[in-house]
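1. Fold the stuff below for me.
(chains A and B, ligands or ions: 4)
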Amino acid sequence: MSMAPDYPPDGGRWICALCREPLEQVKMQVFYLNSAFDVSLPSCPRCGITMTPKSLAEGKMLEVEALLEDK
Amino acid sequence: MKFDQAHLHEIESRCTQESPPRCQGLCPFQLDVRAFLAAMAESRHAQARKILDRALPLPGILTRICDHPCENACLRQGLGGSLAISKLEQHCAAVAEPSRMLPLPPKKFSLAVLGSGLAGLVAAAELARKGYPVTIFYRDEITAPLVTRFPSLKADDGLAADLEDLSRLRVTFEESCPDAALLARCEAEFAGVLLDADAARSLAPQEDAIDGVTRHWRGNVCCAGGLGRTPTGHAFPEAARQAGEGRRAAQTLERLAGKVSLMAAREKQQGSLHVSLEGIVPVPRVEPAGGSYTPEEARAEAARCLQCQCLICVRECVYLQKYKGYPRTYARQIYNNASIVQGFHTANALINGCSLCGRCEQLCPEHFSMADLCRAAREDMVARSYMPAAAHEFALEDMESASGPECALALNDVSLSEGAAPAWLFFPGCQLAASRGEQVIALHAHLREHLPGGVALYLSCCGIPAHWAGRQAMFAEHSSVLLKQWEKFGRPGIVAACSSCMKALRLALSEARVRSAWEILNALPLPRRCGTDFSEPLSVHDPCTARHDAAWRNAVRDLARKCGARLEEPRLSGEKTSCCGYGGLVSCARPDLAAEMSADRAAALPHTALASCIMCRDRLAAQGKDCLHLLDLLFPRPAMSGKDAAREKGPGLSARRAGRAALRRLLRDRAGEETPALQPPGMRVPPETLARLEDRHILLDDVTQAVAWTERSGQYFENLENGHRLGSFRPRHVTFWVEYSREGEGLVLHDAWCHRMKVPGSGGAAVRKEESA
Ligand code: SF4
Ligand code: SF4
Ligand code: SF4
Ligand SMILES: [Zn+2]
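-> Ligands and ions are numbered 1, 2, ... in the order given. Down below sits the predicted model:
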């Protein structure tokens, strides 16, 4: 199953509120029901908190979740 | 209900949609009359001809002489006259080129036909088409037996064309008088022999020596095609029967040659196709003005065919229409789904889309129940853990919350002395409590005023969501809680105000007397302020869970009339009522489909609707349908006109939960016990934002919690362009994202979304817990 790999924020100039650092696209794995997927998500280079943009949550992610649930 | 092959066959065979229409059932060749007439109605003659040629072994001869038993059974008979199937066949044969049959690779068994009568030629053609080498033995003139019986063939070129076809299929014609010696020779030399009982009359046995179905006589000999006899003994030709016998004999010869059982799986056992003739207007049969049809006449006549189908249930159900099939095909898909070990369960959506309303069972002449099938399938999915978690999660959590400490409440009648058992227990149901707290209180007060023996109150969910979701264990567990509470009250009679609750309570508390509030109220003095300012009639909408509860439905009508309402019955009412889209948790698993169901029902109610279930009322209102609840007539809300009450939208998902908690607090306070109020969220949620949350089934509670966590931890993102904050929280198996900003002292919510996937670095503390677990 493929997810287009790079998901930047949906718009705006976002920083990590604690570290005051601008976000970077970081490659990582997300998980669901025994499956893992490679994606790049906006993340704080210092503390590592990571953002899931709404367009991803309500688009590709929802699609993949539904697919895996029927498996 | 078990999911095995035998059971599948038992279930699917109840649906008759795949049974042939009456015309086809009576055709000795099972001609697909419907498809033939559909093609003829559009002048697709080549297509129509192909259908004829495929079914009829001798199309030239049979279209000319068949005495068309199909027409005797046609359902148009009383509606303008049977279809002129035979004349249309002749028209088709005249205007369309025959489609050439390709011979199959030759088979190894040779077969003999004695006598070139109708049955003999039909059997020869049937067998030759399948690749068997066939030899026909005839006397003097091949065509003589046919032309004698059916003189109309004399001037017809169909006969010659069919004989030519037989030669092309490598049938051998041998002139040799069919006598006892020849029969004996053939029995020895061929794998099977057909004796034409008309053309080789002298050799044919008495009819009762022959098996009526298989036409088997003895050894490897079949016999077919004798003349018909009147009761007075007069002989006459009967083309369809004779040809049909020839065909069945051919099938038997094939079995004899291949040493297969003569009877096994010969005739498919199927119920006869049910066809509703409701609303069909008569159209007179088109007779050819000249001797035969013109193309226009043929088209018009063929267009009279009703294209007989059942689909009685499908026609009324939005859900059954959705997947382009009918219960028989759906049953197969559902069983296939259950037998998948690896791969995708493609029928999950089908199984979770049924509202379990039971109308199909009511409408179907065979009482096919999609509801039973789908609920059993859900139980199976749960038991074997492939029910998608997301399908019913929201409803099940809602059930838990409605039965949990925040919303549930069991209060004895305060007028009873400490510890005394009440005669009655009022169970309003969690959805009525969520939507109509004040009317619940008013109804309870009225019951207490008029019912002797005291009326206790129990706020809780009845557990029907677990039942609908196929979660038997959860339902049983919930039932045991209800049971304990009921016994604690001393097993009082139960008064329920929701028909789904009644269903669940009757399952859960099998020994309890469960009556509807309407039935009880109908026997009491009317509430003082009851009545309506509505003068137009109301369309009564029965909840689907009261389909089999006549007492509920009658009491609703009685009470409404006593309150001064004028009632009208919609087309589908009472036992045939439609589901509003709440049933079976469709609104949870398939919100899109549930909305279509509501819209469909709303459109079928000509006037302002009158509902007696709060979910029906709120769902219809959500579709923009004016709709009252019976309580709006019995306990009209102060300073609210009937019109306004009918127009009012019901509360959303978050407001429902808040409504339950508020009602509980109110009743608790009145009963003299304090409960701490919910924490004020301190956050403004603009109505557009709330509407978006509701669409996504995101609760304000979850959002508030996420914001609280984010603010406390300081872990969030900040948008330098507008100051928005974005944080996330994962309390269970869902991560909630909240986008909000400061507004004076408080906060304002801009958006929220959620996902089930685990994303490292988000969701707060719970993420780490879940990961390490
Ligand atoms: S009503 Fe529906 S289930 Fe029943 S026979 Fe007809 S198509 Fe089949
Ligand atoms: S109406 Fe059409 S399909 Fe129905 S019985 Fe008559 S010919 Fe057959
Ligand atoms: S929604 Fe109702 S009528 Fe439709 S299939 Fe399900 S139980 Fe039958
Ligand atoms: Zn940081």
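2. Now do the closest residue to B:L630 other than its chain neighbours, the pLDDT please.
-> Leaving out its chain neighbours, the residue that sits closest to B:L630 by CB to CB, 6 or more residues apart in numbering or on different chains is B:S612, at 4.7 Å. (Each C-beta comes from the backbone N, C-alpha and C, glycine too.) For B:S612, the pLDDT comes out at 97.
3. Could you double-check that B:S612 sits in contact with B:W552?
-> Yes - B:S612 sits in contact with B:W552 when judged by CB atoms under 8 Å, with a separation of 7.2 Å.
4. between the two, who's got more neighbours?
-> B:S612 (28 against 23; other CB atoms under 10 Å in any protein chain shown).
5. any idea how far the residue in the stretch 601-750 of chain B that ligand 3 sits nearest to is from A:A17?
-> Shortest the stretch 601-750 of chain B-to-ligand 3 distance, computed as CB to the nearest ligand atom: residue-wise this is B:R601, at 11.1 Å. Distance, B:R601 to A:A17, by CB to CB, to the nearest Å: 49 Å.
6. likewise A:F37?
-> 27 Å.
7. ok so, going back, overlap in contacts, B:S612 and B:W552.
-> Shared contacts of B:S612 and B:W552 (CB atoms under 8 Å, 6 or more residues apart in numbering or on different chains): B:499, B:518, B:542, B:546.
8. tell me which residues of the helix or strand of chain A with the lowest mean pLDDT are tucked away?
-> Lowest on mean pLDDT, DSSP states H and E among the helices and strands of chain A sits helix A:62-69, with a mean of 86. Residues A:62, A:64-65, A:68-69 are the ones in helix A:62-69 that count as buried (16 or more other CB atoms under 10 Å in any protein chain shown).
9. Which of the helices or strands spans the residue lying farthest from the centre of chain B?
-> Residue farthest from the centre of chain B, counting by CA atoms, centre = their mean, is B:A181 at 61.5 Å. Using DSSP states H and E, B:A181 falls within helix B:180-189.
10. Using PDB, list the CA coordinates for that helix.
-> Taking C-alpha atoms only, helix B:180-189 is exported to PDB below (Å, rounded to 0.1, in the frame of the first residue of the first chain):
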ATOM      1  CA  ALA B 180     -38.000 -54.200 -34.400                       C
ATOM      2  CA  ALA B 181     -34.800 -55.500 -36.100                       C
ATOM      3  CA  LEU B 182     -33.400 -52.000 -36.600                       C
ATOM      4  CA  LEU B 183     -34.300 -51.100 -33.000                       C
ATOM      5  CA  ALA B 184     -32.400 -54.200 -31.700                       C
ATOM      6  CA  ARG B 185     -29.500 -53.400 -33.900                       C
ATOM      7  CA  CYS B 186     -29.300 -49.800 -32.700                       C
ATOM      8  CA  GLU B 187     -29.600 -50.800 -29.000                       C
ATOM      9  CA  ALA B 188     -26.500 -52.900 -29.600                       C
ATOM     10  CA  GLU B 189     -24.500 -50.600 -31.700                       C
END
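11. Can you identify the element that follows that helix toward the C-terminus?
-> Following helix B:180-189 toward the C-terminus (DSSP H and E): strand B:192-196.
12. For the very next helix or strand once past that following strand, buried residues please.
-> Counting by DSSP H and E, the next helix or strand C-terminal to strand B:192-196 is strand B:216-218. For strand B:216-218, a neighbour-count test (16+ other CB under 10 Å) marks B:216-217 as buried.
13. Give me the distance from strand B:216-218 to the chain's centre.
-> Once both centres are worked out by CA atoms, centre = their mean, to the nearest Å, strand B:216-218 turns out to sit 46 Å from its chain's centre.
14. Can you name the residues of chain B sitting close to ligand 1?
-> Counting by CB under 6 Å from any ligand atom, chain B comes close to ligand 1 at B:15-17, B:274, B:310-314, B:326-328, B:363-364, B:366, B:368.
15. May I ask which two of these are separated the most?
-> The span of those, defined through CB to CB, is set by B:R328 and B:L363 at 15.2 Å.
16. how about the helices in chain A?
-> In chain A, helices defined by DSSP state H lie at A:54-56, A:62-69, listed in chain order.
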